[in-house]
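J.: Quick one, structure for this:
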Amino acid sequence: MRQMFAKRASSFAICSFLISLPACVILPPPTAPNPSTVSGDWNDCLAAADYAMTAGECAVIATQSQTDRELVLNIRSVADDMGTLSFTKVQPSTGDPSKVGEPIVVEAFLGIAGSRDTTREQRLVAAVIKRLRQLQGVEWAPTGD
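T.: Numbering: from 1, shown residues only. The predicted structure is shown next:
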């Protein structure tokens, strides 16, 4: 009788544990279309890229090119995929200090053509967009994490 009770008790405990698992699921970070266009301040692109590295589990290896309309960063993911995170200003700045934000195209590329890590790319772009929006028109902003 005791053995039967012990088996039922352990079965109940296992079932209770298995039923509770879906409630403990960690939701994946948000993603965004790749490439995406966002209104932001051009001078905040490096800060947004730095912020996005955590979300994308990546690191900036080098600056590939930087002009007044384009910024391309070489990056490496935690999965050892090499790639780029690029920012392109859609139109030249007007020089009007009252104008806040300008359209910036953000694009990420990780891996090689046949095996791109599109999920990580979308996470990077989403994090960049989030940070550029937080920084638009201000000198600094808390990360909100």
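J.: only C-alpha atoms for contact and neighbour calcs from this point on.
T.: Fine.
J.: looking at this protein, which helix or strand does the model trust least?
T.: helix 2-20 (a mean of 54; mean pLDDT, DSSP states H and E).
J.: So which elements touch the next helix or strand after that one?
T.: Per DSSP states H and E, helix 2-20 leads on to strand 36-40 as the next helix or strand towards the C-terminus. Using 3 or more CA pairs under 8 Å, 6 or more residues apart in numbering; DSSP states H and E as the contact test, the elements touching strand 36-40 are strand 102-110, helix 118-135.
J.: Parallel or antiparallel, list what pairs with strand 36-40.
T.: Strand 36-40 pairs in its sheet with strand 102-110 (antiparallel), by DSSP bridges.
J.: would you put the C-alpha positions of the helix or strand hosting residue 53 in PDB?
T.: Secondary structure from DSSP H and E places residue 53 in helix 45-55. Extracted as PDB, the C-alpha positions of helix 45-55 are listed here (Å, rounded to 0.1, in the frame of the first residue of the first chain):
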ATOM      1  CA  CYS A  45      23.900  55.600 -34.400                       C
ATOM      2  CA  LEU A  46      27.100  54.300 -32.600                       C
ATOM      3  CA  ALA A  47      25.300  54.500 -29.200                       C
ATOM      4  CA  ALA A  48      22.400  52.500 -30.700                       C
ATOM      5  CA  ALA A  49      24.700  49.900 -32.200                       C
ATOM      6  CA  ASP A  50      26.500  49.500 -28.900                       C
ATOM      7  CA  TYR A  51      23.200  49.000 -27.100                       C
ATOM      8  CA  ALA A  52      22.100  46.500 -29.700                       C
ATOM      9  CA  MET A  53      25.100  44.200 -29.300                       C
ATOM     10  CA  THR A  54      23.700  42.800 -26.100                       C
ATOM     11  CA  ALA A  55      20.300  41.900 -27.600                       C
END
